[in-house]
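Chemist: let me see the structure of the following:
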Amino acid sequence: MTLTLQLARELIARPSTTPEDAGCLDLLAERLAPLGFANERMDSGEVCNLWSKRAPAPANTAQAAIKTIVFVGHTDVVPTGPLEQWGSPPFTPTERDGLLYGRGASDMKTSIAAFVVAVQEFLAATPEPAIAIALLLTSDEEGPATDGTCVVVERLRTRGERLDWCLVGEPTAVQQTGDMVKNGRRGTLSGRLTVRGVQGHIAYPQLARNPIHQALPALAELAAIRWDEGNAFFPPTSWQISNVHAGTGATNVIPGQVVVDFNFRFSTECTAEGLQQQVHAVLDRHGLDYELAWTLGGQPFLTPAGTLVEAVRGAIHDETGLTAELSTTGGTSDGRFVAQICPQVVEVGPPNASIHKIDEHIRLADIEPLKNIYRRTLERLNAQAAA
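Modeler: Numbers count the residues shown, from 1 in each chain. Okay, here's the model as predicted:
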């Protein structure tokens, strides 16, 4: 059993359903401390956060010139779903048919184990590196994400902490570890629209005002808008309705209001403010009596070709022979928070086909290559910093 597999199994065995950490961060801090890392807990509410950093000795390089790479990950996992549908208990790491099963096996406890072992191997070979290495780990990525990485990032910003490169261990691969790297993510903007009408008997519509009927033309117009054309890195911005709520439960009552939940996934061609203005303009033009509450879940970010992208893609090619595809598809990640204080953020991890599913798993054959990709990335960045 490799060190990476052993640590991954130890993490999977801890039932850290969001926002629980179940002692994962304590275990990781114990592994990092002997490697020279200073561990700092930044817990918030029910959420556990760990900021762990190892800086080079001052004699090795001018402190102002030290560059820092941060590995970002989350110890929390989504709920298991029906236990009876699992082939083996979700928090009992189980190997069968070349796969490691368990909740978090792919998303993303194996990546965290690979972070730690990669750092351990790198430091064994390079005990006095030219770069600083940090880990930012939270138990609030799968939940609301309001007390996790965003809290740590704000504290780092307040004290002027410098971050140069960020590698997020989210499962990004499609078929094989290393075949896809996320070098950006779309922004997410949600709205809850309440359109007010007048409740009444369905047989006397002249005495009521149906908010559903009033809202539908505006919603149809919003659904038909081409918000932008996207660009070389992002697909066109998408607007989607996720929920519609109205009615009293009776079939003979015109409701007094309708509530519509919707979401934008937007590219760098748009701004959150611009999208909000467009939506309000449509609603106002249709003369609706409405309220609209907005939630900005994250701004889009993009890391174009440069030091970090080249280091990661080079590490992948050296380890696997693959030429990694750059992509910004998929949902959000905690990279959106780190991008506020770090100019280069990429995500690379194992295949994502089983994440959040019953019998989540990772191929055993993907584990060591993933660790080696992280180690090779460190080696490439360190070599450049030392040059």
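Chemist: distance of G306 from I202?
Modeler: Between G306 and I202 the computed distance is 62 Å (C-beta to C-beta, to the nearest Å). All C-beta spots, glycine's among them, are computed from the backbone N, C-alpha and C.
Chemist: contacts only, for T75.
Modeler: T75 makes contact with 11, 14, 16, 21-22, 24-25, 28, 48, 104, 109, 112, 137-139 under the criterion C-beta atoms under 8 Å, 6 or more residues apart in numbering.
Chemist: and those residues, which are buried?
Modeler: Among the contacts of T75, the ones that count as buried by 16 or more other C-beta atoms under 10 Å are 11, 14, 16, 21-22, 24-25, 28, 48, 104, 109, 112, 137-139.
Chemist: in helices, which of the residues you listed fall?
Modeler: Of the buried ones among the contacts of T75, the ones assigned to helices by DSSP state H are L11, C24, L25, L28, K109, I112.
Chemist: widest-spaced pair of those?
Modeler: Greatest spacing in those, by C-beta to C-beta: L25 and K109 (12.0 Å).
Chemist: before we move on, the earlier item: of the contacts of T75, which is the nearest to R226?
Modeler: T138 (36.7 Å).
Chemist: who does that closest one bridge with?
Modeler: According to DSSP bridges, the partner residues bridging T138 are N49, H74.
Chemist: residues in contact with it?
Modeler: With C-beta under 8 Å, 6+ apart, T138 has these contacts: V47, C48, N49, L50, G73, H74, T75, D76, G148, T149, V152, D334.
Chemist: ok, 6 Å please
Modeler: Applying C-beta atoms under 6 Å, 6 or more residues apart in numbering to T138 gives the contacts N49, H74, G148, T149.
Chemist: and the residue nearest to the third one when sequence neighbours are not counted, how far is that from V258?
Modeler: Taking C-beta to C-beta, 6 or more residues apart in numbering as the measure, G148 lies nearest to D140, with 3.1 Å between them; neighbours along the chain are not counted. Note on D140: its distance to V258, by C-beta to C-beta, is 32 Å.
Chemist: which one's more surrounded, those two?
Modeler: Between D140 and V258, D140 has the larger neighbour count (other C-beta atoms under 10 Å), namely 26 against 23.
Chemist: how much space separates V181 from T4?
Modeler: Plainly put, V181 is 20 Å away from T4 if you go by C-beta to C-beta.
Chemist: actually G274, sorry about that
Modeler: To T4, G274 is 45 Å away according to C-beta to C-beta.
Chemist: which one of those two has more residues nearby?
Modeler: T4 (24 against 13).
Chemist: where does that one sit: helix, strand or coil?
Modeler: What DSSP: H, G, I helix; E, B strand; the rest coil gives for T4 is helix.
Chemist: distance of it relative to F122?
Modeler: Separation of T4 from F122 (C-beta to C-beta) stands at 13 Å.
Chemist: identify the contacts common to the two.
Modeler: Residues touching both T4 and F122 (C-beta under 6 Å, 6+ apart): none.
Chemist: list the buried residues for stretch 346-364?
Modeler: Neighbour-count burial for stretch 346-364 flags 346-352, 354-355, 359-363 (criterion: 16+ other C-beta under 10 Å).
Chemist: same deal with stretch 160-168?
Modeler: Under the neighbour-count criterion of 16+ other C-beta under 10 Å, stretch 160-168 has E161, L163, D164, W165, C166, L167, V168 buried.
Chemist: spatially nearest residue to the first one (excluding sequence neighbours)?
Modeler: On the basis of C-beta to C-beta, 6+ apart, the spatially nearest residue to E161 that is not a chain neighbour turns out to be I341, at 7.4 Å.
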